[in-house]
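Student: Structure for the following, please:
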Amino acid sequence: MNSKLKFIYEGKAKKIFAYEDSDKVIIEFKDDATAFNALKKAQFEGKGELNCLISSKIFEFLIKNNIPTHYISLKNNNSMIAQKIKIIPLEVVLRNTAYGSLCKQTTIKPGTILERPLIDFYLKNDTLNDPLLTKDRITLLKIITHEELDFITDMTLKINKLLKNIFLQYQARSCRF
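Tutor: Alright, predicted model coming up:
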């Protein structure tokens with residue numbers, strides 16, 4: 001990355017830098033891989049580039065389908081230009097199939113197809129190990145309003161429908177012999 005650019009933030013998978021235009025940032029994707037809240041770490045050459053290119057294609061698809069995003073364009077193969085935004089400290093996880101913590105915390109067996117998508121919210125806080133939140137706790141903590149939470153839920157369901165359809169189409173094409 002250009003050393004002239006002001007460094008803003010580094011997370012587990014990305015670094016954020018200021019851009020020439022103060023309303024924008026550069027997001028650089030790292031080759032780092034983490035699991036279990038960064039307890040397991042590794043590096044895979046080319047991972048950042050692959051994540052960046054896949055992410056850009058998904059953002060472009062969402063934009064074409066009238067889903068608002070922060071994405072503007074690719075800068076190079078492992079970084080993109082994005083609109084500068086205020087981060088909401090929520091992780092939004094949508095599941096169509098049961099895996100991971102859902103199975104560990106319930107009696108649902110891994111691989112179970114869910115009748116309808118399940119949306120879970122987690123507080124983005126590594127110190128607290130990203131705890132699961134209820135909608136009432138989100139409101140209690142004043143993270144966002146009820147209306148904003150409804151908007152995020154609606155957008156998450158729309159995005160899931162769009163991406164599920166595109167990935168199923170891709171899967172059907174790639175499974176032909």
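
Student: what's in contact with the helix or strand of the chain with the lowest mean pLDDT?
Tutor: For the chain, counting by mean pLDDT, DSSP states H and E, strand 32-35 ranks last in confidence among helices and strands (a mean of 84). Strand 32-35 has contacts (CB atoms under 8 Å, 6 or more residues apart in numbering) with Lys12, Ala13, Lys40, Lys41, Ala42, Gln43, Phe44, Lys47, Gly48. No exception for glycine: its C-beta is placed from N, CA and C like everyone else's.

Student: mind checking the longest helix of this structure?
Tutor: For the chain, the longest helix by residue count, based on DSSP state H, is helix 146-174.

Student: For that one, name the packing helices and strands.
Tutor: helix 47-64, strand 90-97, strand 113-123, helix 135-140 (3 or more CB pairs under 8 Å, 6 or more residues apart in numbering; DSSP states H and E).

Student: Can you check which of these gets nearest to Asn165?
Tutor: Ranking the helices and strands packed on helix 146-174 by proximity to Asn165 (CB to CB) places helix 47-64 first, at 10.6 Å.

Student: in the closest one, what counts as buried?
Tutor: Lys47, Gly48, Asn51, Cys52, Ser55, Ser56, Ile58, Phe59, Leu62 (16 or more other CB atoms under 10 Å).

Student: Repeat that for stretch 150-166.
Tutor: Ile152, Thr156, Ile159, Leu162, Leu163.

Student: So what touches it?
Tutor: With contact meaning CB under 8 Å, 6+ apart, stretch 150-166 is reached by 58, 61-62, 65, 67-68, 90, 92, 94, 96, 117, 119, 144.

Student: how does it look with 7 Å?
Tutor: With CB atoms under 7 Å, 6 or more residues apart in numbering as the contact definition, stretch 150-166 has outside contacts at Phe61, Leu62, Asn65, Ile67, Val92, Leu94, Asn96, Pro117, Ile119.

Student: All good on my end, thank you.
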